[in-house]
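Asks: Next come a sequence and a model predicted from it.
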Amino acid sequence: MDQMIDDIVQDWILDAPFPDIHNILFSSDSSSSESSEDDEGINRIRVPRRCVRNFVENTVRQYNEKQFRKHFRLRRSTLYQLIERFEQTNFFQNLPIGGITHERALLMTVWYLANIETFREISNLFDFAPSDSHRVLLCSLDFLISLSEEYIRWPETAADKIEVSRKFSDLQNITQIIGAIDGCHVRIRRPVHHQEDYYNRKRYHSIILQAVANSDKVFTDVYIGEPGSMHDARVFRRSPLYEKALTDPNFFGTYFLLGDTAYPSTPWMITPFRDNGHLTPGQRQFNYRHSSTRIVIEQAFGLLRARFRRLIRFDNLRVDIIVKCVMASCILHNICILHDDPIEDDTSDSEISDESNGGSSESSETSSESHESNVISSGSSSSQCCSSKCRIFH
């Protein structure tokens, strides 16, 4: 009998035009007693989910390598190595859901990050109830983020710094560079709280991903979650990387970061000369070589969004979950590069430039403090600056 009712309701929903359904569910024309009875009847009827049974077993495992990469944006071997590591952890230990395999959980999570289907569609595809898929997603993200210290590593040893600097020098012969830094907007829906703080100068809501990359386009430091209205320079000053540079004189030592004009020029941050129309030929040449070297961070952002298309736009309203998704994507990006798992950058140039380079400088100190719970990091004078530019330019 129950199955018959479910079939009738499902056929009715499929056949009836949407406005009629809306009027039936939300109409206020009938009497209060009739509305109450109708509501009770509606609440008693459950519309079955259109889920896919055994999608992993019957479909994903049958994909050839090209099909697998198309949907997951990673090689099968790369992803299944992570699944094996996931199986050795206890992240599912306290999860109140039975019958979930680590394989299905991580496949669903990577599919979510790599594609733009709605979360409900992906939940049905992997045969999860929406509430269960939410828990599984968070659990899988926590596992990936637990790998951050292993895969997002600042070059700390002398040998590491020399190697990073040498590779940067090979690009445009600028020496002593340890990384290129920039900020990137991650588009989100209008959040429930502090909407104006997340509204950036490009007129959409976003959070900021600040990252440092080496010449291989591997992220060596990431700081995620500040609201989109905040300027790049202020995001930098609030980041753990900036704090380390101030408190530890040996953190940069004789090495430098390359940043654009949005960043402050410091003894360890090299920015281009501002073009006021009176630059010397030597200064213009430096700016060209500076830009040609610093472009690796923009290319890294482009590859990140090309692989994990969820970062182009999030529909989730919880900023803390979005921040975790971005961090997990950065970790997966590094894993793919370190495991020689490339992907073509199919993100358009206009899209890349639209999402890059900070935001408005208008953002009050009071409002910014309210967002600290949503922020996550991988690490948990002018004459001096001009002198630094001359030292690295040969």
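Replies: Perfect, thanks for sending it.
Asks: I'd say residue 119 and residue 133 touch.
Replies: Yes - assessed by C-beta atoms under 8 Å, residue 119 is found in contact with residue 133 at 7.0 Å. Yep, even glycine has a C-beta here, placed from its N, CA and C like the rest.
Asks: These two: who's more crowded?
Replies: A count of neighbours by other C-beta atoms under 10 Å puts residue 133 above the other of residue 119 and residue 133, at 24 against 17.
Asks: From residue 335, how far off is the closest residue to that one other than its chain neighbours?
Replies: Of all residues not flanking residue 133 in the chain, residue 123 sits nearest, at 3.9 Å (C-beta to C-beta, 6 or more residues apart in numbering). Distance, residue 123 to residue 335, by C-beta to C-beta, to the nearest Å: 25 Å.
Asks: One more: residue 377?
Replies: Taking C-beta to C-beta, one finds residue 377 at 19 Å from residue 335.
Asks: higher neighbour count, the two?
Replies: Counted by other C-beta under 10 Å, residue 377 and residue 335 do not tie: residue 335 has more neighbours, with 20 against 17.
Asks: Enumerate every residue touching the more buried one.
Replies: Counting by C-beta atoms under 8 Å, 6 or more residues apart in numbering, residue 335 touches 78, 82, 147, 151, 341.
Asks: Residue 142 now?
Replies: Counting by C-beta under 8 Å, 6+ apart, residue 142 touches 91, 324.
Asks: element containing it?
Replies: helix 130-145 (DSSP states H and E).
Asks: The nearest residue to residue 130 once chain neighbours are set aside: how many residues sit nearby?
Replies: With C-beta to C-beta, 6+ apart as the criterion, residue 130 has its nearest non-adjacent residue at 5.3 Å, and that residue is residue 123. Look at residue 123: counted by other C-beta under 10 Å, it has 23 neighbours.
Asks: Tell me the secondary structure at residue 123.
Replies: Secondary structure state of residue 123, per DSSP: H, G, I helix; E, B strand; the rest coil, is helix.
Asks: ok now do it, which residues does it touch?
Replies: Residue 123 makes contact with 51, 108, 129-130, 132-133 under the criterion C-beta under 8 Å, 6+ apart.
Asks: Of those, select the buried ones using a PyMOL command.
Replies: To isolate the buried ones among the contacts of residue 123 in PyMOL, judged by 16 or more other C-beta atoms under 10 Å, type:
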select buried, resi 108+132+133
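Asks: Closest one of the contacts of residue 123 to residue 329?
Replies: The shortest approach to residue 329 among those belongs to residue 108, at 14.9 Å (C-beta to C-beta).
Asks: one step back: okay, the contacts of residue 123 in CSV with distance to residue 277 next?
Replies: Output for those, formatted as CSV (distance: C-beta to C-beta, whole Å):
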residue, distance to residue 277
51, 63
108, 55
129, 63
130, 58
132, 61
133, 56
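Asks: What are the boundaries of the strands in the stretch 251-394 of the chain?
Replies: Ranges of strands within the stretch 251-394 of the chain are 256-258, 269-270, 376-377, based on DSSP state E, counting those that start in this stretch.
Asks: State the mean pLDDT of the longest one.
Replies: Summarised as a single mean, pLDDT over strand 256-258 is 97.
Asks: Can you list the low-confidence ranges for this protein?
Replies: The chain contains residues with pLDDT under 70 at 1-50, 96, 344-373, 379-394.
Asks: Kindly provide the distance from the residue nearest to residue 130 to residue 105.
Replies: 12 Å.
Asks: same thing with residue 183?
Replies: Per C-beta to C-beta, residue 183 is found 32 Å from residue 105.
Asks: residues in contact with the residue nearest to the spatial centre of the chain?
Replies: Central residue of the chain (C-alpha atoms, centre = their mean): residue 326, 2.1 Å from the mean position. Residue 326 makes contacts with 186, 207, 209, 224, 311, as judged by C-beta under 8 Å, 6+ apart.
Asks: please redo it, this time with the cut-off set to 6 Å
Replies: For residue 326, the contact set (C-beta atoms under 6 Å, 6 or more residues apart in numbering) comprises 186, 209, 224.
Asks: Which ones among these map onto strands?
Replies: 186, 209, 224 (DSSP state E).
Asks: That's all I had, so thanks and see you.
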